[in-house]
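J.: Fold the following.
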Amino acid sequence: MGYTNTTVEADSISGGGLEKTLRAGHFAVTAETAPPDSADPADVLSRAGCLKGLADAVNVLDGAAARAHLSPLATAAILARDGIEPVIQLTMRDRNRLALEADALGAAALGVPNILCLKGDSVDAGDQPDAKPVFDLNSAEFMKILREMRDDAIFPGGREITSPPKLLIGAADAPHDPAPDFEPAALLAKIAAGANFFQTQFCFDMPSLERYMARIADFGVPEKAWFLIGIGPIASARSARWMNEHLYGVNIPDAIIYRLEGAADQRAEGRAICIELLQTLQGIPGVAGAHLMAPHGEAATAQVIAESGVLDLRSS
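T.: From the prediction side, this is the model:
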């Protein structure tokens, strides 16, 4: 049950496995990992190694919750060296345009074929609130720079890039139940800037998602970029309620919370729910894949992918 994007460029952009999976019309599955508070490469692989051969690509978080960890560029390089394709997340919070451009070139040079452009959490949320945020660019402005570096082989100042970076450019989205007058202007602006794919905030309300995807399809959005919908194995009913209260754009339906609450093993039930959602997503028009998120839950994510049968559908 594949989804083929019809108007994204016909030729390969990055040469990465995630792009190849999407272009083939297979349902793609990405996951995420948090860089450790460690300078030991083994600690990166001890977390994310379980996803090897299961996730099409693994997102490397960039200072999540506004806290310092091992650099995302180093973490992504370690994963790539071990045969795990990374999606490096780069936030506008911590770098000016010069640093962002340098990291983009560095990522491509180190075998990282995907970049997700994000605003970043406020420094007030972290454990060093006196840190100075940068925000030299917004995420769409950075996407435009990346596209020009990749397609035109130039820096914003006009200097030529000898070997341009081959990168699939990603953006964030937060699906919601669309109002009658909703128009996806922000999505179209990101696509115009250079976004090739979107990874979304958690989305557990499938009927609302269906309405959202149908609405943006009226504007041709899923024909211009791939959409990977965010889901994850919820650890408990308490976690679900916390997510509803504290995570922007998240709405976990009461039925899921009550189901978790009534389970003898809430973690196992959370994985079972995630598998069901993963299978449901495959039947929603315009959805090209799923993005599985679970804080420090790489093993649970790997288990969900393995048990869902998603990869078996490709071979059949």
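
J.: Give me the three-state assignment for the nearest residue to Pro178 once chain neighbours are set aside.
T.: Closest residue to Pro178 apart from its sequence neighbours, by CB to CB, 6 or more residues apart in numbering: Arg215 at 4.3 Å. The way it works is simple: take the backbone N, C-alpha and C, and place the C-beta from them, glycine included. Following DSSP: H, G, I helix; E, B strand; the rest coil, Arg215 is assigned to helix.

J.: quick one, strands of this protein?
T.: 28-33, 57-60, 86-91, 114-118, 168-173, 197-202, 226-231, 289-292 (DSSP state E).

J.: if we can go back for a sec, can you report how many residues lie near the residue nearest to Pro178?
T.: By other CB atoms under 10 Å, 20 other residues sit near Arg215.

J.: The one 4 residues further on now?
T.: Phe219 is flanked by 15 other residues according to other CB under 10 Å.

J.: Now do the contacts for it.
T.: Residues in contact with Phe219 (CB atoms under 8 Å, 6 or more residues apart in numbering) are 183-184, 188.

J.: Wait, Ala55 touches Thr30, no?
T.: Yes. With contact defined as CB atoms under 8 Å, Ala55 counts as touching Thr30 (5.8 Å).

J.: anything in contact with each of the two?
T.: Leu292.

J.: Against Ala80, how distant is Ala48?
T.: Distance, Ala48 to Ala80, by CB to CB, to the nearest Å: 11 Å.

J.: To clarify, my last question referred to Pro222.
T.: From Pro222 to Ala80 the distance is 29 Å (CB to CB).

J.: now do Glu298
T.: Using CB to CB, Glu298 is found at 17 Å from Ala80.

J.: Ala42 too?
T.: In this view, Ala42 and Ala80 are 16 Å apart by CB to CB.

J.: Over to Ala174?
T.: Per CB to CB, Ala174 is found 29 Å from Ala80.

J.: ok, now Asp11?
T.: From Asp11 over to Ala80 the distance is 22 Å, taken as CB to CB.

J.: Looking at those two, which one has more neighbours?
T.: Set Asp11 next to Ala80 and count neighbours by other CB under 10 Å: Ala80 wins out with 20 against 6.

J.: Burial check on the residue lying closest to the more buried one once chain neighbours are set aside, number of neighbours?
T.: Nearest non-adjacent residue to Ala80, counting by CB to CB, 6+ apart: Gly111, 4.0 Å away. Gly111: 15 surrounding residues under other CB under 10 Å.

J.: cool, and the one 4 residues further on?
T.: A count of neighbours around Ile115, defined by other CB under 10 Å, yields 28.

J.: Over to Asp265?
T.: Neighbour number of Asp265 under other CB under 10 Å is 9.

J.: The residue lying closest to Ala171 once chain neighbours are set aside: what's it in contact with?
T.: Spatial nearest neighbour of Ala171, excluding adjacent residues (CB to CB, 6+ apart): Ala195 at 3.9 Å. Residues near Ala195 by CB under 8 Å, 6+ apart: 117, 143, 169-171, 225.

J.: State the pair within those residues that is farthest apart.
T.: Spanning the widest gap among the contacts of Ala195 are Cys117 and Ala225, at 12.9 Å by CB to CB.

J.: and for those two, which residues touch both?
T.: Residues touching both Cys117 and Ala225 comprise 171, 195, with contact defined as CB under 8 Å, 6+ apart.

J.: Give me the more crowded residue out of those two.
T.: Between Cys117 and Ala225, counting by other CB under 10 Å, Cys117 is the more crowded of the two (28 against 24).

J.: what's near enough to touch the closest residue to the more buried one other than its chain neighbours?
T.: Closest residue to Cys117 apart from its sequence neighbours, by CB to CB, 6+ apart: Ser139 at 4.2 Å. Ser139 makes contact with 92, 117-119, 171-172, 190, according to CB under 8 Å, 6+ apart.

J.: Let's see if you can find the most crowded of the residues you listed.
T.: Greatest neighbour count in the contacts of Ser139, by other CB under 10 Å, goes to Cys117: 28 neighbours.

J.: quick one: that residue and Lys144 touch, right?
T.: No. If you go by CB under 8 Å, Cys117 and Lys144 don't touch, sitting 10.0 Å apart.

J.: follow-up on the earlier one: wait, the residue nearest to Ala80 sits on Asp82?
T.: No. Counting by CB under 8 Å, Gly111 sits too far from Asp82 to count as a contact (10.7 Å).

J.: Give me the neighbour count for Pro41.
T.: The number of residues packed near Pro41 is 17, by other CB under 10 Å.

J.: In contact with it, which residues are there?
T.: Shown in contact with Pro41 (CB under 8 Å, 6+ apart): Ile78.

J.: From the centre of this structure, give me the residue that's furthest out.
T.: What lies farthest from the middle of the chain is Ala264; by CA atoms, centre = their mean that is 31.4 Å.
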